[in-house]
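Visitor: this is a predicted model, with the sequence first.
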Amino acid sequence: MDISSITGWLKGRAYNTAKILDNSPEEVRPELKNYLENCYFSGDDYLINTPIVSIDLETSGLNDDDNIVSMGICPFENLSIKLVQCRHFLVNSDSALKKDSVVIHKITHDQMAKGIDSISAFKQFLNYCHHSLLLVHYHPVEKKFLQKLAMHITGNKIPIFFLDTFIIEEKIMARRQQAISATSLRLFNLRKKYGLPAYNAHNALEDAISTAELFLAQLASINRPLQEIRLRDLSLIQI
């Protein structure tokens with residue numbers, strides 16, 4: 001749902017915040033209340049004034065019975081990456097790890113067993129992402145698993161606002177009438193396109209940082225003063 005032209009609608013209709021809080025465990029209510037009061041954005045907001053957190057998830061798979069196994073978080077401040085504030089969490093998921101996913105993210109059962117539980121993972125997300133717009137590459141994955149985590153803890157979905165470097169690049173290439181291939185919008189290939197160094201894919205923190213770097217490279221290529229860019233120009237998404 002693109003919300004570039006919607007104002008004054010979200011709090012009253014999209015989500016019943018009182019219901020979300022009432023159905024949530026006592027231990028997450030302070031963080032959840034803070035998140036729900038501060039997570040709303042409008043397409044009219046200027047990018048330069050918007051707090052942003054780049055986030056990436058590794059999961060036990062992509063099926064409905066899979067869960068988050070790690071979370072990488074990379075905050076921005078004034079459109080500068082704050083490496084000292086970056087965080088990486090392993091999550092002790094209820095899902096059994098599958099061989100094909102272990103090959104990708106290289107998280108073992110022993111490592112996952114030492115991770116934080118799902119309630120702690122949800123609280124970490126709320127703490128680091130309240131009052132911040134989420135930056136991701138290909139948001140359907142983060143959308144699916146963050147909302148699954150929220151449903152598991154609160155019994156409800158929560159409002160989440162995204163900027164997606166996949167969609168931003170799709171828009172840039174369409175405007176420049178560039179051909180889009182089946183692989184041209186992958187994070188690894190876009191980093192190469194923008195002259196960014198190679199990285200170790202499928203580590204949640206490294207992917208979050210890599211997405212943040214790609215976003216800054218995309219902004220630099222737009223050839224427009226940053227103070228003039230509104231969130232609608234970057235296809236703000238509300239889930």
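Guide: Structure's in. What do you need?

Visitor: quick one: low-confidence ranges for this protein?
Guide: Applying pLDDT under 70 to the chain flags residues 1-14, 94-110, 112-113.

Visitor: helix, strand, or coil at the residue lying farthest from the centre of it?
Guide: When distances are taken from the C-alpha mean of the chain, residue 177 lies farthest, 27.8 Å away, according to CA atoms, centre = their mean. Assigned with DSSP: H, G, I helix; E, B strand; the rest coil, residue 177 falls in the coil class.

Visitor: tell me the helices and strands packed up against the top strand by length along the chain.
Guide: Identified as the longest strand of the chain according to DSSP state E is strand 68-77. Judged by 3 or more CB pairs under 8 Å, 6 or more residues apart in numbering; DSSP states H and E, strand 68-77 is in contact with strand 52-59, strand 87-90, helix 99-105, helix 118-129, helix 204-221. Every C-beta, even on glycine, is put in place using the N, C-alpha and C of the backbone.

Visitor: redo the ones you listed as JSON lines? Include mean neighbour count and distance to residue 81.
Guide: As requested, these are arranged in JSON lines below (neighbours: other CB atoms under 10 Å; distance: least, CB to CB, whole Å):
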{"stretch": "strand 52-59", "mean neighbour count": "25", "distance to residue 81": "8"}
{"stretch": "strand 87-90", "mean neighbour count": "17", "distance to residue 81": "13"}
{"stretch": "helix 99-105", "mean neighbour count": "13", "distance to residue 81": "22"}
{"stretch": "helix 118-129", "mean neighbour count": "20", "distance to residue 81": "14"}
{"stretch": "helix 204-221", "mean neighbour count": "21", "distance to residue 81": "5"}
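
Visitor: among these, which comes closest to residue 35?
Guide: helix 118-129 (4.5 Å; CB to CB).

Visitor: counting contacts, what elements does that closest one pack onto?
Guide: helix 29-38, strand 52-59, strand 68-77, strand 87-90, helix 139-154.

Visitor: deepest-packed of those, please.
Guide: Highest mean neighbour count of the helices and strands packed on helix 118-129: strand 52-59, a mean of 25 (counted as mean count of other CB atoms under 10 Å).

Visitor: tell me the contacts of residue 183?
Guide: Neighbouring residues of residue 183 by CB atoms under 8 Å, 6 or more residues apart in numbering: residue 189.

Visitor: how about it, secondary structure?
Guide: Per three-state DSSP, residue 183 ends up coil.

Visitor: just the CA coordinates of the longest strand of the chain, formatted as PDB?
Guide: C-alpha atoms of strand 68-77 as PDB (Å, rounded to 0.1, in the frame of the first residue of the first chain):
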ATOM      1  CA  ILE A  68      13.600 -15.500  12.100                       C
ATOM      2  CA  VAL A  69      17.000 -16.900  13.100                       C
ATOM      3  CA  SER A  70      19.100 -13.700  13.100                       C
ATOM      4  CA  MET A  71      18.500 -10.000  12.900                       C
ATOM      5  CA  GLY A  72      20.900  -7.300  11.800                       C
ATOM      6  CA  ILE A  73      20.300  -3.600  12.600                       C
ATOM      7  CA  CYS A  74      22.200  -0.600  11.200                       C
ATOM      8  CA  PRO A  75      21.100   2.900  12.300                       C
ATOM      9  CA  PHE A  76      21.500   6.100  10.400                       C
ATOM     10  CA  GLU A  77      22.000   9.600  11.800                       C
END
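
Visitor: centre of the chain to it, how far?
Guide: Relative to the centre of its chain, strand 68-77 is centred 8 Å away, using CA atoms, centre = their mean, to the nearest Å.

Visitor: likewise stretch 174-183?
Guide: What separates the centre of stretch 174-183 from the centre of its chain is 24 Å, taken as CA atoms, centre = their mean.
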